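> let's see this in three dimensions:
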Amino acid sequence: MAHPPSPTTAAPTGAKLNQEQIEWACRLWSANKREILDVITTRDRRKGAISCIPSTSQSHIARAYSFFHAQLSRAQQQNIAADNENNPEYQYLREPNDSCLRDFLRLAVTRKTIRLLEGRRVINLVHDAFLSEINYFESKGPPTKNFVQIFSMGAALYHLPLDTLTALGCAMQLAMLTLWKKQRVEQGHDTEDLVKLTNILDHSQVVFRFAHVEPILSMIDIKTSIVSKFVTVKGHIVRARPKQLRVVTADFVCSQCGGFITHEFDGGNYSIPTLCVTEGCKSRTFTLMRSSARYVNIQHLRLQEAQEESTIHAGRTPRQMQVELTHDLVDVCRPGDIVMLACTVAAVNTAVSSGKTGRRAQESSTYNLYLQAHSVTCTSETNQRQSSKSEQSTYTQQQLHSIIQLCHADHKHFGRKERLAFPFDLLVRSLCPSIIGHNAVKAGLLLCLLGGTPADSDTALQEYSVRSNIHCLAVGDPSMGKSQLLLAASQLAARSVYVGGNTSTTTGLTVTLTKEEGGETGIEAGALVLADQGVCCIDEFDKMAKNHQDGLLEAMEQQQVSIAKAGVVASLPARCSIIAAANPKHGCYNMSKTVAENLNMAKPILSRFDLVFILRDRADKAQDQLVSSNIMNLYRSGNQQPRVTQEQNTKMLHAHEGKSKTCMSLCDRLAWVCDFQREPLPASLVRDYIAYAREYCKPKLTAEAGEVLKDYYMSLRYPAYGSRRKNDTVPITTRQLEALIRLCQARAKASLRDYCLKEDALDVVELMSLSVEQVHSDETGLVDRTRGGAAGVSKRKMKKLFIDELQRFVGGEADCSMDDLRKIADRVRCDLNGFQSFVEELRNNGILMKKPNGRYQVVSQ
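Sure, this is the predicted structure:
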């Protein structure tokens, strides 16, 4: 990988500093280099005026001083309505309101005066924006490629990051001090405020933090040649150790003269002074005053490479690296976050890193690479404190143009007369185009990727927070493409984790407690936590052990993972949609059994899925011909889609003309689009569109759409003549009503709307009706409302339970009345609505015999 060449001494020198500015720069350099601002060590007192600043950094301070001085002068003159064109340098600067330094300029220049900032100040900048401004200023116009690669400040930041960052802070403070002194002279102040000046020179820091630093490297590219370089690394935070304290300085007492020495520990490694500061004392024995120790906050993270990087190089475990955070970067992220880490690559001896000191630290010649964090940018929304606009994802003009084009796509441009929701249909068409058919399943997966509207903490929903993520389960026969659908959904999500149920455990899905060095306990994030604000795809869901499935209960409904173990009580966010695929336990799906009986899974897990689809391998000549043609085309000419002739297209258009002129069903519309739109959308466009919709679209439910959802819910709750009968088991609950609302909001997101229309509700109702019909259909194809959902009981199992209870209640040859049979049915929770036909079915099967006196006798077990 190509990196910027090392800068040479031929770089621009900037403005020349006078003797007073050089002395100020030295004191500012010492202050900016200190870990603790208010503690001046003995080593700082011994250093000379200019000898403490490296020669290269002196040039960087002069160059940056020219830029910052011009920016502050222009901002000050703009405030007093001066003519900015008097200074020719101003034409190479951006307007103060358009500059990347605008927030700092508003703070430093107030009411026509320069305001000196005391203490520690952090300036957050975008790397590219700052470099483009300073390069344009130094080059007096557009910079050349040679200047950018060799002489620019960006090359200095890459090769000498620590000294260059310190030089930028010194230059900013130096420019402010120079203008402040000039301002005081113009105002007639002859005597200088020495106290304030001393506080600024010795007790103030300006820290520059750059985000989106280039180059962006993969972990595989981090090697010894990158040590001490300024780069960006993207990855998952899989482990976050608790905050620790590191001793930076401490006082020592000379055992001979009793003098005090303020000693600094480099890198947190313990050491003792080598020389007494008292004149004439040559003692080398000192005593540590433990009460004088001064600390800074540090934290260690474990960063794992991004999933797209780990899948490129198959056959190995994902790479991980240690990250060190200090000062205000501590606790800015937590396990599960996807971060862009601007850092400096450093190396540490393995013996030193294990805690050895003195001669024992020189036993090993092996070094480990780790990352010293400079800035952390969370690309996920797990941290509530980092929800500002600057943290949101940015899109290029080309990406935004493509998203707008797709959003305004209309059927009118493709031969249809009525206005339909074409963006949603195109997205469904482009989801896993290699799988022919299963349009309803693809629509459900797309809605899972989009998700509903999250609850706003500032509204009344704060007390009753409803989850916004949608869960989907696909159950079916082998070779139906379930794994490919899950893989396609995982690739289109901005944040996703793909796992296999047969190799997953409870701790692997949730969180794991680990023992850290020093006996501390750490938390390592599992798949659900890593997929926070994204999608977790679980394949072979039926192969997961029951005790491991129980770990999903809390995450699927409360959207968090709680742990109480080894004295650690914590809750981690797991706000992700779960998309699972499972196979029936006997290989082929049995329609006479419910989903729970086919999978042999717990009812609480299945009841948490919003959508359940059943894929059956049925003989269909037209469908099989399309599938076989598609497979042959894939092997014959790469990734070519099956072609539809003009005759077939015209025939389908005429078939749909007979439909309603105002609305067409979802299944018919998706089938028409799949046949008409031969080429799917690019995967990158679909991924950008979904990410944009999730981030910026927060649709609300309108009264018209809510009425449609309410009518559908009531029609399922009260199926028999509009009134519910006693003990009538219904296939829908309030959990499904909330699922309808989430699906309707996700359907509106597909069109980038802030509100849900009636057509959104109609599509969702049709999709839910299809799922309910598949779940509740028996082997004859009729809808059995007594099953009670995917976790219900089929008639066959209910019949077995009734016979077993009848054997225990009646016994061998004893008889019973109809009332006794009803009591037994009520005990096993059998539906009493059609109980008479149920008894007649038992008589026809030879299980019950009706006597002439009207009583019943069990004749067969």
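> low-confidence regions, the stretch 201-350 of the chain specifically.
Under the criterion pLDDT under 70, the flagged ranges of the stretch 201-350 of the chain are 310-315.
> could I get the full set of helices for it?
Here the stretch 201-350 of the chain has its helices, by DSSP state H, counting those that start in this stretch, at 307-310, 350-353.
> what's the answer for the stretch 751-861 of the chain, then?
Under DSSP H, counting those that start in this stretch, the stretch 751-861 of the chain gives helices at 758-776, 795-810, 818-827, 835-844.
> okay, the ones you listed, which one's buried deepest?
Counting by mean count of other C-beta atoms under 10 Å, helix 758-776 has the highest mean neighbour count of those, with a mean of 21. All C-beta spots, glycine's among them, are computed from the backbone N, C-alpha and C.
> from the contact counts, what lies against that one?
When contacts are defined as 3 or more C-beta pairs under 8 Å, 6 or more residues apart in numbering; DSSP states H and E, helix 758-776 sits against helix 439-450, strand 611-615, helix 666-676, helix 703-717, helix 734-749.
> what does the first one contact?
Outside helix 439-450, the residues that touch it by C-beta atoms under 8 Å, 6 or more residues apart in numbering are 424, 427-428, 431-432, 435, 469-472, 474, 485, 488-489, 492-493, 535, 577, 579, 611, 613, 615, 666-667, 670-671, 674, 690, 693-694, 743, 746-747, 749-750, 763, 767, 770-771.
> can you check the fourth one too?
The contact list for helix 703-717, computed with C-beta under 8 Å, 6+ apart, reads 724, 730-732, 736-737, 740-741, 744, 756-758, 760-762, 764-765, 768-769, 772.
> contacts only, for the closest residue to G567 other than its chain neighbours.
Nearest non-adjacent residue to G567, counting by C-beta to C-beta, 6 or more residues apart in numbering: T521, 7.2 Å away. Taking C-beta under 8 Å, 6+ apart as the criterion, T521 is in contact with L513, T514, K515, A566, G567, V568.
> repeat for T453
So T453 contacts S468, K698, P699, K700, Q745 (C-beta under 8 Å, 6+ apart).
> distance of it relative to P161?
42 Å (C-beta to C-beta, to the nearest Å).
> again, but for F210
10 Å.
> if you average pLDDT over stretch 548-566, what comes out?
Averaging pLDDT along stretch 548-566 gives 85.
> now do the buried residues in stretch 494-506.
Of the residues in stretch 494-506, those buried by neighbour count under the rule 16 or more other C-beta atoms under 10 Å are A494, R495, S496, V497, Y498, V499, G501, S504, T506.
> and the second one, what pLDDT?
We have a pLDDT of 80 for R495.
> quick one, what contacts it?
So R495 contacts I338, T379, S380, A531, D532, Q533, G534, V535 (C-beta under 8 Å, 6+ apart).
> and what about I123, helix, strand or coil?
The local conformation at I123, judged by DSSP: H, G, I helix; E, B strand; the rest coil, is strand.
> how about it, what does it touch?
Here I123 is in contact with L101, D103, F104, M172, V206, V207, F208, R209 (C-beta under 8 Å, 6+ apart).
> now that we have those, which one has the most neighbours?
The most crowded member of these is M172, carrying 28 neighbours; neighbours defined as other C-beta atoms under 10 Å.
> let me know the average pLDDT across the host helix or strand of that residue.
Per DSSP states H and E: M172 is located in helix 161-186. Computed over helix 161-186, the mean pLDDT rounds to 88.
> and A493, its phi and psi?
phi -80, psi 140 (degrees, to the nearest 10).
> related to what we said a few turns ago, which neighbours do F210 and P161 share?
H374.
> export stretch 838-852 to CSV, keeping only CA atoms.
Output in CSV follows, covering the C-alpha atoms of stretch 838-852 (Å, rounded to 0.1, in the frame of the first residue of the first chain):
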residue,chain,number,x,y,z
PHE,A,838,-64.7,-33.5,17.2
VAL,A,839,-66.5,-36.3,19.1
GLU,A,840,-68.0,-37.6,15.8
GLU,A,841,-64.5,-37.8,14.3
LEU,A,842,-63.4,-39.9,17.3
ARG,A,843,-66.4,-42.2,16.7
ASN,A,844,-65.5,-42.6,13.1
ASN,A,845,-61.9,-43.4,14.0
GLY,A,846,-63.1,-46.2,16.3
ILE,A,847,-61.9,-44.5,19.5
LEU,A,848,-65.3,-43.8,21.0
MET,A,849,-68.6,-45.8,20.9
LYS,A,850,-72.0,-44.3,21.6
LYS,A,851,-74.4,-46.5,23.6
PRO,A,852,-78.1,-46.5,23.1
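> pull the number of nearby residues for A545.
12.
> which pLDDT value belongs to it?
pLDDT, read off for A545, is 82.
> now do L626
At L626, pLDDT is 70.
> any low-confidence regions in the stretch 401-550 of the chain?
Along the stretch 401-550 of the chain, the model assigns pLDDT under 70 to residues 410-421, 456-465, 517-519.
> let me see the ranges of the helices in it.
422-429, 439-450, 482-492, 506-509, 527-530, 546-549.
> would you mind telling me which of the ones you listed is nearest A240?
When those are compared by C-beta to C-beta, helix 527-530 sits nearest A240, at 11.1 Å.
> residues in contact with the closest one?
By C-beta under 8 Å, 6+ apart, helix 527-530 touches 236, 238, 335-336, 497, 499, 504, 508-511, 536, 552, 555, 561, 572-574, 576, 578.
> let's see it at 10 Å
236-238, 304, 307, 334-338, 380, 382, 495-499, 504, 508-511, 523, 536-538, 551-552, 554-556, 559-561, 572-576, 578 (C-beta atoms under 10 Å, 6 or more residues apart in numbering).
> okay, and which of those map to strands?
Among the contacts of helix 527-530, the members falling in strands (DSSP state E) are 236-238, 304, 338, 496-499, 511, 523, 536-538, 560-561, 572-573, 578.
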